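Chemist: below is the structure, and that's it, no one-letter string:
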């Protein structure tokens with residue numbers, strides 16, 4: 001799932017555009033729900049009208065406000081249409097998206113509206129801008145107590161349905177798979193919608209390895225196979241593996257509490273109820289650290305210990321051991337647990353015990369003022385329907401860490417996949433434990449740091465990452481060892497779904513009699 005995964009003055013602007021990771025995760029699930037029928041059973045019915053329900057009527061009112069083309073008007077409407085229960089940061093992000101939609105879209109046409117049975121009450125509305133033709137997805141939930149208000153609301157860009165209109169749903173030859181991916185990348189690159197690399201490994205050989213776009217727009221420096229990209233929440237897999245190694249070494253237990261392993265955590269009462277296992281599965285009930293205070297002074301947050309006070313002061317979203325709520329804060333705390341258990345700085349531990357054994361020589365963590373050879377500059381569009389690209393320097397934290405934000409290459413990500421599956425990073429029995437006890441999330445489950453879903457009877461395991469200036473995905477067909485890596489210096493986008501589609505075809509190939 002993505003952080004997943006948008007400043008009057010710089011600080012205020014940042015506050016309004018940083019989307020809380022829970023909303024990103026829910027949008028990722030919704031995008032997958034819209035795309036999954038096409039991936040598996042062909043195009044789903046696409047009604048052009050909204051349902052006659054509370055949430056359907058709110059969606060209609062919302063689109064009429066956007067169609068009026070007045071950002072101030074849509075912001076005023078949103079001030080009363082959004083429930084007070086929505087967090088201030090999430091509300092500000094959505095209102096900013098609505099204002100930009102009113103400014104850039106020229107009005108919206110509804111292409112598809114559906115309620116996903118896995119998320120009762122949530123309406124997903126796929127729309128297309130009349131100006132520029134860009135597509136996006138609204139994810140809306142009506143307030144049960146106040147039918148004239150939205151209890152949850154988010155908006156994200158999505159790929160045009162025509163992009164995958166002829167995408168196969170059954171196994172194809174590897175040559176045909178390569179050609180299909182090439183066509184998709186060419187279409188995206190032609191509209192300046194993709195800059196990055198896609199690499200596919202199957203049967204011990206590279207099936208596809210191509211790049212498009214530019215690593216730095218000012219000088220037009222092209223992307224190539226050696227370009228490093230920030231990879232967002234893909235780093236969560238590395239953090240989970242580090243935790244598993246320490247469990248193997250007897251320095252940690254899955255059931256250890258946060259209080260035991262981080263006695264310096266300010267809220268010891270809460271920490272006594274939170275376990276390592278819960279942190280790994282996003283079930284600790286924690287909120288997030290992507291709040292205005294974080295972005296006002298990002299240089300203060302470098303090592304995991306720097307985040308402890310900030311995290312402890314954020315409101316909790318549920319009880320420990322409760323529902324799945326995607327949490328960057330939880331993984332930052334895991335980073336501190338790794339430091340305390342190992343006696344090493346998090347970044348040093350990862351380098352010595354994960355990256356070096358997996359031969360990941362192009363992977364690491366940088367600060368915004370570091371000069372890293374061959375590292376692509378990240379770019380984002382200032383609104384889901386905007387055509388203009390902006391550099392993402394001020395949209396990311398000062399330094400990546402346990403929750404995400406490091407950099408890598410496709411080759412390194414695939415080396416990680418091979419080393420993990422081969423038992424070179426943790427023992428086979430530990431791998432089994434990592435994927436046991438998953439919690440429901442999206443089209444499958446969330447294991448200890450990994451997404452896991454079934455496709456053609458095969459397990460697709462991995463993690464995506466997405467934030468301004470980043471779209472990335474690593475997916476492994478566990479039984480066969482086939483894998484696909486996608487990295488891009490543009491985002492957030494839905495292009496991570498291309499890796500999912502590729503993984504499905506790799507799974508279908510392995511499932512052939």
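Modeler: Received, thanks. These figures come from a predicted structure and were not determined experimentally.

Chemist: low-confidence ranges in the stretch 51-200 of the chain?
Modeler: 116-118 (pLDDT under 70).

Chemist: was I right to think residue 377 contacts residue 488?
Modeler: No: Residue 377 is not in contact with residue 488 according to C-beta atoms under 8 Å; the separation is 12.0 Å. Placement of C-beta: from N, CA and C, glycine included.

Chemist: and residue 29, what's its pLDDT?
Modeler: Per-residue pLDDT puts residue 29 at 49.

Chemist: residue ranges of the helices in the stretch 151-300 of the chain, please?
Modeler: Using DSSP state H, counting those that start in this stretch, the helices of the stretch 151-300 of the chain run over 174-190, 235-248, 258-261, 268-271, 276-281, 292-296.

Chemist: reformat the ones you listed as JSON lines; add distance to residue 68 and mean neighbour count.
Modeler: Listed next are the helices of the stretch 151-300 of the chain as JSON lines, based on distance: least, C-beta to C-beta, whole Å; neighbours: other C-beta atoms under 10 Å:
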{"stretch": "helix 174-190", "distance to residue 68": "31", "mean neighbour count": "16"}
{"stretch": "helix 235-248", "distance to residue 68": "41", "mean neighbour count": "24"}
{"stretch": "helix 258-261", "distance to residue 68": "49", "mean neighbour count": "21"}
{"stretch": "helix 268-271", "distance to residue 68": "45", "mean neighbour count": "15"}
{"stretch": "helix 276-281", "distance to residue 68": "44", "mean neighbour count": "24"}
{"stretch": "helix 292-296", "distance to residue 68": "30", "mean neighbour count": "17"}
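
Chemist: adding distance to residue 457, write these out as TSV.
Modeler: Listed next are the helices of the stretch 151-300 of the chain as TSV, based on distance: least, C-beta to C-beta, whole Å:
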stretch	distance to residue 457
helix 174-190	19
helix 235-248	23
helix 258-261	38
helix 268-271	41
helix 276-281	24
helix 292-296	43
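
Chemist: return the set of residues that bridge with residue 214.
Modeler: Beta-bridge pairing of residue 214 under DSSP bridges involves residue 222.

Chemist: can you get me a residue count around it?
Modeler: By the criterion of other C-beta atoms under 10 Å, residue 214 has 19 neighbours.

Chemist: looking at the helices of the stretch 151-300 of the chain, which is nearest to residue 103?
Modeler: Minimum separation from residue 103 across these (C-beta to C-beta) falls at helix 292-296, 23.1 Å.

Chemist: what separates that closest one from the chain centre, distance-wise?
Modeler: Distance, stretch centre to chain centre, for helix 292-296: 21 Å (C-alpha atoms, centre = their mean, to the nearest Å).

Chemist: helices or strands up against that helix?
Modeler: Helix 292-296 is packed against helix 10-17, with contacts defined by 3 or more C-beta pairs under 8 Å, 6 or more residues apart in numbering; DSSP states H and E.

Chemist: state the distance from residue 428 to residue 508.
Modeler: Counting by C-beta to C-beta, to the nearest Å, the gap from residue 428 to residue 508 is 26 Å.

Chemist: so between those two, which is more surrounded?
Modeler: Between residue 428 and residue 508, residue 508 has the larger neighbour count (other C-beta under 10 Å), namely 20 against 10.

Chemist: check which helix or strand that one maps to.
Modeler: Remark: residue 508 resides in helix 496-511, with elements defined by DSSP states H and E.

Chemist: which parts of the stretch 1-150 of the chain are strands?
Modeler: 108-115, 122-129, 135-142, 150-158 (DSSP state E, counting those that start in this stretch).

Chemist: and the last one, what does it pack onto?
Modeler: What it means is strand 150-158. helix 21-40, helix 88-104, strand 135-142.

Chemist: let's see that with 10 Å instead.
Modeler: Strand 150-158 sits against helix 21-40, helix 54-67, helix 71-81, helix 88-104, strand 122-129, strand 135-142, with contacts defined as 3 or more C-beta pairs under 10 Å, 6 or more residues apart in numbering; DSSP states H and E.

Chemist: can you redo the ones you listed as TSV with distance to residue 205?
Modeler: Shown next, in TSV, are the helices and strands packed on strand 150-158 (distance: least, C-beta to C-beta, whole Å):
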stretch	distance to residue 205
helix 21-40	25
helix 54-67	48
helix 71-81	52
helix 88-104	43
strand 122-129	37
strand 135-142	35
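
Chemist: mind checking which of these is nearest residue 448?
Modeler: Comparing these by C-beta to C-beta, helix 21-40 comes nearest, at 16.5 Å.
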